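Undergrad: This is a predicted model, with the sequence first.
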Amino acid sequence: MEGIAMTLIKRSDVNFPSIPSFIDNLLSRDWMDWSNLNFSSTNTTLPAVNIRESDNEYELEVAAPGMKKDSFRINLDKDQLTISSEWKEEKKKDEEDYTRREFSYQSFQRSFTIPENVVDGEKINAKYNDGILSIKLPKREEAKPKPAREIKIS
């Protein structure tokens with residue numbers, strides 16, 4: 001008799017979350033791993049990220065409205081893609097006998113593990129338009145899905 005391999009997947013019902021699954025999630029979460037949350041250790045909000053995969057590439061979309069293109073830094077180090085930004089603004093308003101200054105400072109950093117030997121790091125490109133930073137990570141030819149083919153019998 002042949003054995004059957006099974007993979008068990010933990011699933012949370014999105015429509016009707018149960019109390020046990022909520023508690024499991026609460027107890028199993030690494031509360032010191034801020035990369036899994038939308039808040040940094042300094043209580044600043046991290047931008048939301050959408051990730052899409054097609055046959056030819058991955059695309060990351062980072063929601064960062066109001067930022068400037070030159071405030072972003074994107075770095076690929078081995079299999080870690082890091083997106084960071086630092087932005088500061090100083091408003092100065094002179095009035096009668098005093099000067100008032102208001103500072104605004106925002107920064108964030110998000111890192112993603114890129115599947116090993118899947119992305120062509122030399123061809124990664126990014127653009128910033130309408131508050132969305134879009135990063136395209138083309139797949140290597142050998143990582144792209146191949147169509148099924150019939151093998152001739154000789």
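TA: Done, it's in. Numbers count the residues shown, from 1 in each chain.

Undergrad: quick one: secondary structure of the residue lying closest to P145 once chain neighbours are set aside?
TA: When the adjacent residues along the chain are set aside, P145 lies closest to D55, with 5.4 Å between them (CB to CB, 6 or more residues apart in numbering). For every residue, glycine as well, the C-beta is placed using N, CA and C. For D55, the secondary structure call by DSSP: H, G, I helix; E, B strand; the rest coil comes out as coil.

Undergrad: what's the pLDDT at D55?
TA: What the model reports as pLDDT for D55 is 92.

Undergrad: who's in contact with it?
TA: K139, K144, P145 (CB atoms under 8 Å, 6 or more residues apart in numbering).

Undergrad: So which residues of this structure form strands?
TA: For the chain, the strands defined by DSSP state E occupy 49-53, 57-63, 72-77, 80-95, 98-113, 125-129, 132-138.

Undergrad: Quick check: buried residues in the last one?
TA: In this case it means strand 132-138. L133, I135, L137, P138 (16 or more other CB atoms under 10 Å).

Undergrad: I'd like to know which elements it is packed against.
TA: Judged by 3 or more CB pairs under 8 Å, 6 or more residues apart in numbering; DSSP states H and E, strand 132-138 is in contact with strand 57-63, strand 80-95, strand 125-129.

Undergrad: Show residues contacting the shortest one.
TA: What it means is strand 125-129. A64, M67, K69, F72, I74, L133, S134, I135, K136.

Undergrad: Spatially, which two of those are the most separated?
TA: Taking CB to CB, the two most distant members of the contacts of strand 125-129 are M67 and K136; they sit 18.8 Å apart.

Undergrad: Not including adjacent chain positions, what is the nearest residue to L81?
TA: Using CB to CB, 6+ apart and skipping the chain neighbours, the partner closest in space to L81 is F112 (4.8 Å).

Undergrad: That neighbour touches D79, doesn't it?
TA: No. Under the criterion of CB atoms under 8 Å, F112 is not in contact with D79, lying 9.2 Å apart.

Undergrad: Just checking, which helix or strand of this protein averages the lowest pLDDT?
TA: helix 19-28 (a mean of 52; mean pLDDT, DSSP states H and E).

Undergrad: Since that was my last question, I'll sign off now.
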